[in-house]
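Trainee: Below is the sequence, then the predicted model.
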Amino acid sequence: MNKKITVNGNNITVISANEQDYISLTDMVRNLENGLALIEKWLRNKNTIEFLGIWEQMYNHNFNSPEFEGIKNEAGLNRFILSIKQWVEKTHAIGITAKAGRYGGTYAHKDIAFEFASWISPQFKLYLIKEFQRLKDQEFKQLGWDIKRNLTKINYRIHTDAIKAHLLPQELTQEQIQLIYASEADILNMALLGKTAKQWRKENPNEQGNIRDIANVSQLVCLANLENLNAHFIQEKLTQSERLKKLNQIAIHQMQLLVDDRYVRQIEKKIDMP
């Protein structure tokens, strides 16, 4: 999925390719006079060619170094002309590319895009880096939110299959089955959070979401573990009251360990960043 950042009023596209971020050079110069010509001028610069060659040699094992040496020797001469397409075809470069279509234009790996931005203006480069980092921070925060929302679903199939196999009588209505599932969910809620979903809703009538939305990373890690253990206890045919007591003791022990874990604290800090 393409993303946008705004730098000095320019909407600049960021795309992902091979799990790397590429930034549109075309968007960066769109509002500049003779903007597209600036990309060509930059590419003809000998320092640019040397930089691109070093980057490719570091990250591209298919880079055609002999062809690059020939191009580098020609760079800087009055007759020297080089397009993005020629650069890619001759050297098998991956750091810069020309795309056609709706999001067409010249794109460069972020390392190279920052170098190009510096050539345009050091100030522009600093703003570009700032906005790009803001984008990555937002992505990390969203990832953290997704982890928080999905962590307890990892073991959902294991948990519900155990309920089906050991707790559900035959020929129940769908409503009855859902009630049993809700009851099992509340065993976990009670063991870890000390209240049922209904009790939490009654105490927090104006809150959005549900009781598990207020859980932090430590609690959600513990909750995922409790789901596995509850499924195991169900298979051992323990009663709900026996399971609740065991799960509560385990939750207390695990939370004592998790709240002191520095890696968990780092994740919490990142997720809670403004």
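Mentor: Received, thanks. Residues are numbered from 1 along each chain as shown.

Trainee: So for stretch 22-32, what gets flagged as buried?
Mentor: Across stretch 22-32, burial judged by 16 or more other Cβ atoms under 10 Å covers 22, 23, 24, 25, 26, 27, 28, 29. All C-beta atoms are positioned from the backbone trio N, CA, C, and that covers glycine.

Trainee: Can you flag which of those belong to helices?
Mentor: Mapping the buried residues of stretch 22-32 onto helices (DSSP state H) picks out 25, 26, 27, 28.

Trainee: Can you tell me what sits against the helix or strand harbouring residue 43?
Mentor: Using DSSP states H and E, residue 43 maps to helix 35-44. Here helix 35-44 makes contact (Cβ atoms under 8 Å, 6 or more residues apart in numbering) with 25-26, 29, 32, 48-49, 75-76, 80-84, 87, 106, 116, 119-120.

Trainee: now with 10 Å?
Mentor: For helix 35-44, contacts defined as Cβ atoms under 10 Å, 6 or more residues apart in numbering pick out 25-30, 32, 34, 48-49, 52, 74-77, 80-84, 86-87, 96, 98, 105-106, 108, 115-116, 119-120.

Trainee: Quick one, which of those residues are buried?
Mentor: Members of these classed as buried by 16+ other Cβ under 10 Å are 25-29, 48-49, 52, 75, 82, 84, 87, 96, 98, 105-106, 108, 115-116, 119-120.

Trainee: coming back round to it: and the helix holding residue 43, how far out from the chain middle?
Mentor: 33 Å (Cα atoms, centre = their mean, to the nearest Å).

Trainee: likewise stretch 107-125?
Mentor: Centre-to-centre, stretch 107-125 and its host chain are 23 Å apart (Cα atoms, centre = their mean).

Trainee: Can you give me the buried ones in that stretch?
Mentor: Neighbour-count burial for stretch 107-125 flags 107-110, 112-117, 119-120, 124-125 (criterion: 16+ other Cβ under 10 Å).

Trainee: same deal with stretch 231-244?
Mentor: Within stretch 231-244, the residues scored as buried using 16+ other Cβ under 10 Å are 231, 233, 234, 243, 244.

Trainee: Those in helices, which ones?
Mentor: Of the buried residues of stretch 231-244, the ones assigned to helices by DSSP H are 231, 233, 234, 243, 244.

Trainee: follow-up on the earlier one: ok, then the element right after the helix holding residue 43?
Mentor: For helix 35-44, the following helix or strand on the C-terminal side (DSSP H and E) is helix 46-59.
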